[in-house]
Each structure stands twice: as C-alpha cells, then as structure tokens.
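Colleague: I would like to see how this sequence folds:
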Amino acid sequence: MTFFTAEQTIFFVDDDAALREANVQTLDLAGLAAEAFADAHSVLPRITADFPGVVVTDIRMPGMDGLELRAAIHAIDPDIPVVLITGHADVAMAGRAVHHGAFDFLAKPFAADHLVGVARRALAHRALILDNRRLVSAAGAIGKTPWRS
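Modeller: Below is the predicted model:
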C-alpha cells in the first residue's frame, strides 16, 4: 500500500467548471488532496521544481492548452507527472504526448476509479522521484564531510 503525504496535491486543470468540480470531488472522496484550476496560466505559478504533487489537465483549453502546459511544467521539472485528459478525437495526439513525457492520458468520458488509479500511480511516482533526489543529496553531503577520507 502506498501512503501519500499531506503536501502531495493533484492540481486539476480544466476550463469546464462542472467537470473540474466533479473530478476534484471524486479525488477528495478517494482521500486525495486536489485543487481546481480553470486555466493553465493560473496553475503555473504554483509549480516549482520541488512540487510534490501531480497535474491533471485537459488538452483543449483556451489560451495555453494542455500540451503547452505540460511543456511549461517539464521546463520547470521534467519529472513532475502530467496526466492529459482528452476527447476521443485527440487520443493519437495524447499518445504522442505520452511518448514525449506526459505521464498518462485519460480519454473522455472516463470512469472515476480510472482517474483515481492514474492519480495514485502518478503521486507514487512523484514521491519516489523526490525521495531519490533527497537520498542522492544526502549521500553527496556525507561524501563531502571533512572527517571522511
């Protein structure tokens, strides 16, 4: 069983308010912390290289679309999982995006348990990445202590 930390959050980005709120509620009911964002520009300032969560985003949104958001997030940290939500017409595009670094994609309409499962896997993946970074950093710090030869 995977345990999630309190700071692990799913940022759910979609311009459809009803879909956004329903999916955030689904994630909350599954015991996962989630925050809703109406567009890519509102979520980007919250993303840092040490962001412990994941981003789930619709592909088709006005302004910056989900593919552009994925690229912007991966410019900050390529190891932040980004899950794309797509209509059936965009499945091939989403498949290419996964090939280029998206964590996964969900084709609309998707079952609530499928969203929860993908979100849990993405959070577990992110936790492993951050733990590995901490261990590498700690090992480097040990190697630099003055009492070691």
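Colleague: and the helices in the chain?
Modeller: Taking DSSP state H, the helices of the chain run over residues 17-29, 40-43, 66-76, 91-99, 112-143.
Colleague: any buried residues in the helix or strand of the chain with the lowest mean pLDDT, and which?
Modeller: Least confident helix or strand of the chain, by mean pLDDT, DSSP states H and E, is helix 91-99 with a mean of 76. Buried residues in helix 91-99, defined by neighbour count with 16 or more other Cβ atoms under 10 Å: 94, 97. Every C-beta, even on glycine, is put in place using the N, C-alpha and C of the backbone.
Colleague: so what does that helix touch, helix or strand wise?
Modeller: Contact here means 3 or more Cβ pairs under 8 Å, 6 or more residues apart in numbering; DSSP states H and E; on that basis helix 91-99 packs against helix 66-76, strand 82-86, strand 104-107.
Colleague: most tightly surrounded among those?
Modeller: The highest mean neighbour count among the helices and strands packed on helix 91-99 belongs to strand 82-86 (a mean of 25), with neighbours defined as mean count of other Cβ atoms under 10 Å.
Colleague: can you list the strands that it pairs with?
Modeller: strand 54-58 (parallel), strand 104-107 (parallel) (DSSP bridges).
Colleague: got the angle for the first one vs helix 66-76?
Modeller: When you say that, I think you mean strand 54-58. Orientation check (axes from the mean of the first three to the mean of the last three Cα atoms, to 10 degrees): strand 54-58 against helix 66-76 gives 160 degrees.
Colleague: between the helices of the chain, which one is closest to Gly53.
Modeller: helix 112-143 (6.7 Å; Cβ to Cβ).
Colleague: tell me which other helices or strands that closest one touches.
Modeller: Going by 3+ Cβ pairs under 8 Å, 6+ apart, helix 112-143 lies up against strand 9-13, helix 17-29, strand 54-58, strand 82-86, strand 104-107.
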